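K.L.:
starting from these lines, generate the structure:
(one chain, ligands or ions: 1)
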Amino acid sequence: MNRLITMQDISCIGKCSLTTALPVISAMGIEAVPLPTAVLSAHTMFHDVTFCDLTDQIEPIMKHWKKEELCFAGIYTGYLGSFKQLQLAEKLFDTFDVSVRVVDPCMADHGKLYTGFTMEFAHAMRNLCAKADYICPNMSEACLLLDIPYCSTYDEETVRQILRKLTDIGCSSALITGISLQEGKTGAYAYDSKTKEYSCYQTDMEPQSFHGTGDIWASVFTGCLVLGKSSDFAMKTACEFVREAIHLTLAEENHNNYGTNFEQALPYLIRNIHTQ
Ligand code: PXL
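P.N.:
Okay, the predicted model is just below:
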């Protein structure tokens, strides 16, 4: 059975980071191994969040896995909360030889850094991105990584130019999520610096956006790659799963606003990953 390490926090309430990555990766038939960085009572869009830092645990956990001679097919890093955690994530990539390395440089949305993040952190995130096979920022994160003003509107050529610059950081492929090239559509755009090929997938845009969808997207994308699927299939499957999760959330009259009903979309995901 494939085994995948995912390094990010546990936000108990919020349907993001590990509380989405673990069930999604497990549903795909992959052993989901968490490397938890912190425990928060809820994600940082809530007020008065409690926070317990687990940075001190990360190296001992890695050392133990190494001693046990455990092998992993992939590593996927998500929300990381400090410079030290960025360094440890780099060490994780150096310690385990895996075939799929995905960095989701979680730090911003809608042109704004998340609470507690700085431009210096965005610069430091570049070093981790350089070690990845794939990075999957949204447009806010892509612009921060490149130190350019936020592109709230863009044409296809601008997206392609940003993607090329992202791969100049050192990763082989870059994908930007949440790219909308047509009214009523949204999806992702990818560039593979080895083949110099671009690829785009667009699906119907749901009328509301939700927190945590980037984490769900990256979990499905990484899971597909670990299962040996193509990156085009991974991109399509991730986009369609997020659309379905939002669709099912909006179908519930009293849905919460802090995250999606992605759990109800898991059967859809399981059906879809076996179509190729
Ligand atoms: O979904 C990204 C994320 C993960 N973890 C925590 C967050 C956020 C986004 O705000 O606050 C703690």
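K.L.:
tell me the buried residues in stretch 222-232?
P.N.:
For stretch 222-232, the neighbour count (16 or more other Cβ atoms under 10 Å) marks T222, G223, C224, L225, V226, L227, K229, S231, D232 as buried. For every residue, glycine as well, the C-beta is placed using N, CA and C.
K.L.:
and the residues you listed near the ligand, which?
P.N.:
Among the buried residues of stretch 222-232, none lies close to the ligand by the criterion of Cβ under 6 Å from any ligand atom.
K.L.:
among those, which ones are in helices?
P.N.:
T222, G223, C224, L225, V226, S231, D232 (DSSP state H).
K.L.:
which one of those residues sits closest to the ligand?
P.N.:
T222 (14.9 Å; Cβ to the nearest ligand atom).
K.L.:
interface residues of the chain facing the ligand?
P.N.:
Near the ligand, when you scan the chain using Cβ under 6 Å from any ligand atom, you find 9, 11, 16-17, 40, 43-45, 79, 106, 114, 212, 215.
K.L.:
ok, 5 Å please
P.N.:
D9, S11, C16, S17, H43, T44, Y79, C106, Y114, D215 (Cβ under 5 Å from any ligand atom).
K.L.:
can you flag which of the residues you listed belong to helices?
P.N.:
S17, D215.
K.L.:
quick check: the farthest pair among the residues of the chain next to the ligand?
P.N.:
T44 and D215 (13.2 Å; Cβ to Cβ).
K.L.:
the two: which has the busier surroundings?
P.N.:
D215 (30 against 19; other Cβ atoms under 10 Å).
K.L.:
so the more buried one touches T20, yeah?
P.N.:
Yes - with contact defined as Cβ atoms under 8 Å, D215 counts as touching T20 (5.1 Å).
K.L.:
what bits of the protein have low per-residue confidence?
P.N.:
Of all residues in the chain, those with pLDDT under 70 make up the ranges 276.
K.L.:
could you pull out the strands for it?
P.N.:
Listed in chain order, the strands of the chain (DSSP state E) span 3-13, 31-42, 51-53, 74-77, 100-103, 108-109, 112-113, 134-135, 173-179, 185-192, 197-204.
K.L.:
can you list those strands in TSV and add mean neighbour count?
P.N.:
Shown next, in TSV, are these (neighbours: other Cβ atoms under 10 Å):
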stretch	mean neighbour count
strand 3-13	23
strand 31-42	19
strand 51-53	13
strand 74-77	28
strand 100-103	25
strand 108-109	20
strand 112-113	14
strand 134-135	28
strand 173-179	25
strand 185-192	21
strand 197-204	16
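K.L.:
TSV for the ones you listed, including distance to Q161?
P.N.:
Shown next, in TSV, are those (distance: least, Cβ to Cβ, whole Å):
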stretch	distance to Q161
strand 3-13	30
strand 31-42	33
strand 51-53	38
strand 74-77	26
strand 100-103	21
strand 108-109	20
strand 112-113	23
strand 134-135	16
strand 173-179	11
strand 185-192	10
strand 197-204	11
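K.L.:
contacts only, for the nearest residue to S180 once chain neighbours are set aside.
P.N.:
Distance criterion Cβ to Cβ, 6 or more residues apart in numbering; nearest residue to S180, sequence neighbours excluded, is T186 at 4.5 Å. T186 makes contact with G178, I179, S180, Q202, T203, D204, M205, C239, according to Cβ atoms under 8 Å, 6 or more residues apart in numbering.
K.L.:
what residues are up against L225?
P.N.:
Counted by Cβ under 8 Å, 6+ apart, L225 has contacts G74, V100, V102, Y134, S231, A234.
K.L.:
7 Å instead?
P.N.:
G74, V100, S231, A234 (Cβ atoms under 7 Å, 6 or more residues apart in numbering).
K.L.:
ok, which pair from these is furthest apart?
P.N.:
Across these (Cβ to Cβ), the longest gap, 13.0 Å, separates G74 and S231.
K.L.:
before we move on, the earlier item: distance of the residue nearest to S180 from N257?
P.N.:
To N257, T186 is 19 Å away according to Cβ to Cβ, to the nearest Å.
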